[in-house]
Every structure is written in C-alpha cells, then in structure tokens.
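> have a look at this fold, sequence not included:
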C-alpha cells in the first residue's frame, strides 16, 4: 500500500499549478486559454470556459477531484480507506443541502436535479426517491435511513425546533466535520504526525472562521455559537473556544489565539482577511507535508487539499474571464497572483 500510494501522490504532485501558471492564465488572450489548460493537464476545463452554464465548470472540477481520489483509494483498506472516502463525501453532503433547500423553496424535481453534483462511483443517495418526499421533515426522515443518518439526525431536530435554514446548514456542517474528526483520530497515531497536522489546520481554521462569522456577522449569542462549533478541537480546545466566543470584537478574539495562529494573523482586521490568511497558511503547511517524506495517507490528503485549492483558483479565473472582469480584479480575487 505504502509504495503504490506514495508513488501515485508523487506523480500527482506534478499536476499542481504554480502561481506563475495561474498568473499566465489571467493575462493570456482568450484564444490561448484552451491550449494553456491542455498544457496544464486540464483539457476538460476548456469547455467549462466557453459554456454559458457556470455549473458545467463546477461539475468538471468536481469530476477531476473524484477521479483522482478514486485512484488514490485503490491501495487503501480499513480505517484509512474509510477516512478518505468520508473526506470526499463532502460533495454528497452538498447535495443533501441542495435537496433540502429545494424542498423548502418548493422547487420542482427537474430544477432540483440540475443543481445536484454527479458523483458517479461515490454516489450513495437515491436522489429521485428523495425528491418525491412531501416536505422537508419527510425528506430529512428519509435521509436518516441513508448513509448520512449521523449527519442528518441532529440537523432535523434543530430544524424542527427553529425552522431556521441557517441553523440547519450550520448543524449539517458541524455534524459532517465531527464525523471527519472521529475518523481521523482513529488513524492519526499511525500516520507519523502528518495527518494530525493537516487535520489541526483544517479544524482550527474552520472553527475560527465560523466563530467570527456566527458571532460578528450573524450576531448569535456566545452559547449558540459554541454549540455550532467543532468542540473535539486541536489547538482551539473546548475550554479556549468557550473563552473566545464571549469576546466582544474580532481583535480580542485574535489576541486570544495560540502563538502560531496569532502570528499568521498579525494585523488582520476583517473576517475575509482572516479567512484568506488562514487558508494560505494552511496551504503552505500542506505543501510542507506533501513535499517531504512521510506517511502516504497524510501526503495523499495534503495533495487533495492543494489540488482543490488550485482548481478553485482556476474556476475563479475562468469565471472572471468569462464575465469580462478586469485582470486586476481577477488577480485580487485569487490572492494577488
């Protein structure tokens, strides 16, 4: 398992786009874009640039991630395979959210189906059957009889109490990540520390951004914010999170962070700036795991994290080009390339 997966990850690493390649895509003439994408190993995205439907581009990007994940899964078994499968199930959780929102909005089956991502081999849900549910409550009860029961159960209860779409979404997200943490901790001790470092960056970053948004954008009270956070934390332990949710402004929250996170965010003043800096910090640390010898599963996760970030940048560039945005605006939206 180790040799195959390690070799495959090393080969896949060459597919990552450099900042110079991304910058070249921003500056290139329209006619040159298909060739640049082809040279970068992404010929299938060229059609996504010219299509009118932005969902076509999104579907192509997800298909790339799914194809590569399926290859990385080949040598895995047991808890390692379960972890990586669960990682990619984020996309089907996105479909769960789309099904629920569509039912709440009273959308027809045809409109709903067009919103769903085609996950092929990774599909667990019978979307056609779920779309026939009479209302949101029945839909969620049906979902509780699927592979996503543990994610949906608490979300249904929260929705029945509040009927608030935001609380429903937040509870689904929390349940998914709690499941990811449990699966990671089942194997972290056997992965040379690399997987734990990646998970710590992901979960602490997610928790901090959620805390700031829930507290200062949405004005939720501290107790409710704490309930919606991921309390099996890493650097941001449950006791530290209880302290941070009670603080009155962004600056005081950032002042209470552990040293490495505080250093990465020194001078940050807004939530978008915090989110962008944390993502860049996490990606740099994923690059470190990917570029050094280490456990193949940790390197595989580091690759998938970096690959998804690359493809998001490419999506932003292609959409910006299609919309006729100024080159400077596209650069700014992709981190100043």
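Cool, the structure landed. What you see is a predicted model; the values in this text were computed from it and never measured.
> show me the residues around residue 243 that make contact.
If you count contacts by C-beta atoms under 8 Å, 6 or more residues apart in numbering, residue 243 has them with residue 256. The C-beta positions use only the backbone N, C-alpha and C, and glycine is treated the same way.
> which helix or strand contains it?
Here residue 243, judged by DSSP states H and E, is contained in helix 238-244.
> tell me the mean pLDDT for that helix?
For helix 238-244, the mean per-residue pLDDT is 96.
> now it: buried residues?
Neighbour-count burial for helix 238-244, with 16 or more other C-beta atoms under 10 Å as criterion, is recorded at 241, 244.
> and that helix, how far from the chain's centre?
Centroid separation for helix 238-244 versus its chain: 24 Å, with C-alpha atoms, centre = their mean, to the nearest Å.
> could you identify the helix or strand that succeeds that helix?
Taking DSSP H and E, what comes next after helix 238-244 is helix 250-255.
> who are the packing partners of that following helix?
helix 194-212, helix 271-291 (3 or more C-beta pairs under 8 Å, 6 or more residues apart in numbering; DSSP states H and E).
> what distance separates that helix from the centre of its chain?
For helix 250-255 - counting by C-alpha atoms, centre = their mean - the centre lies 25 Å from the chain centre.
> and it, which residues are buried?
Buried-residue list, helix 250-255, by 16+ other C-beta under 10 Å: 250, 253, 254.
> contacts for that helix next, please.
Counting by C-beta under 8 Å, 6+ apart, 208, 211-212, 215-216, 244, 247, 262, 265, 268-271, 274 sit against helix 250-255.
> hmm, try it at 7 Å
211, 212, 216, 244, 247, 262, 265, 268, 271 (C-beta atoms under 7 Å, 6 or more residues apart in numbering).
> next: stretch 223-230.
170, 174, 177-178, 181, 203, 206-207, 210-211, 214-215, 241-242, 245.
> I'd say residue 115 and residue 98 touch.
Yes: here residue 115 reaches residue 98: they are 4.7 Å apart, a contact under C-beta atoms under 7 Å.
> returning to what we had before: can you pick out the most distant pair from the contacts of stretch 223-230?
The most widely separated members of these are 181 and 215, with 21.8 Å between them, by C-beta to C-beta.
> neighbour count winner among the two?
residue 215 (24 against 19; other C-beta atoms under 10 Å).
> surely residue 309 meets residue 283?
Yes: Residue 309 is within contact range of residue 283, at 5.6 Å (criterion: C-beta under 7 Å).
> quick one on the thing from earlier: neighbour count: residue 115 and residue 98, which is higher?
residue 98 (18 against 15).
> roughly how far apart are the more buried one and residue 125?
Using C-beta to C-beta, to the nearest Å, residue 98 is found at 11 Å from residue 125.
> what's next to the strand or helix carrying residue 141, contact-wise?
If you go by DSSP H and E, residue 141 is part of helix 136-143. For helix 136-143, the surrounding residues in contact (C-beta under 7 Å, 6+ apart) are 96, 99, 100, 103, 104, 130, 133, 152, 156, 160.
> mind doing that once more with 6 Å?
With contacts defined as C-beta atoms under 6 Å, 6 or more residues apart in numbering, helix 136-143 is touched by 103, 104, 130, 133, 152, 156.
> before we move on, which element is the fifth one in?
Residue 152 is located in helix 149-162, with elements delineated by DSSP H and E.
> distance between that helix and the chain's centre?
21 Å.
> just checking, next helix/strand downstream of that helix?
helix 165-185.
> in that following helix, what's buried?
Those would be 167-168, 170-181, 183-184, for helix 165-185 by 16+ other C-beta under 10 Å.
> now do that helix: which elements does it pack against?
In terms of contacts (3 or more C-beta pairs under 6 Å, 6 or more residues apart in numbering; DSSP states H and E), helix 165-185 is packed against helix 78-88, helix 149-162.
> ok, of those, where does mean pLDDT dip lowest?
Lowest mean pLDDT of the helices and strands packed on helix 165-185: helix 149-162, a mean of 85.
> buried set for that helix?
Buried residues in helix 149-162 (16+ other C-beta under 10 Å): 151, 152, 153, 155, 156, 158, 159.
> what about stretch 249-265, start to end distance?
End-to-end span of stretch 249-265 (C-alpha to C-alpha, to the nearest Å): 15 Å.
> any idea of the mean pLDDT in it?
Taken as a whole, stretch 249-265 has a mean pLDDT of 94.
> burial count for residue 61?
23.
> all numbers from here: first residue = 619
Okay, residue one is now 619; in that scheme the one you just asked about reads as residue 679.
> any idea how far it is from residue 775?
When residue 679 is compared with residue 775 (using C-beta to C-beta), they lie 34 Å apart.
> how about residue 845?
12 Å.
> how about TSV for the buried residues of helix 767-780, with distance to residue 938 added?
Below are the buried residues of helix 767-780 laid out as TSV (distance: C-beta to C-beta, whole Å):
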residue	distance to residue 938
769	33
770	36
771	40
773	34
774	38
776	37
777	36
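> ok, these vs residue 635, which is closest?
For these, the nearest to residue 635 is residue 769 (32.3 Å; C-beta to C-beta).
> mind listing what the closest one touches?
By C-beta under 6 Å, 6+ apart, the contact set of residue 769 is 793, 794.
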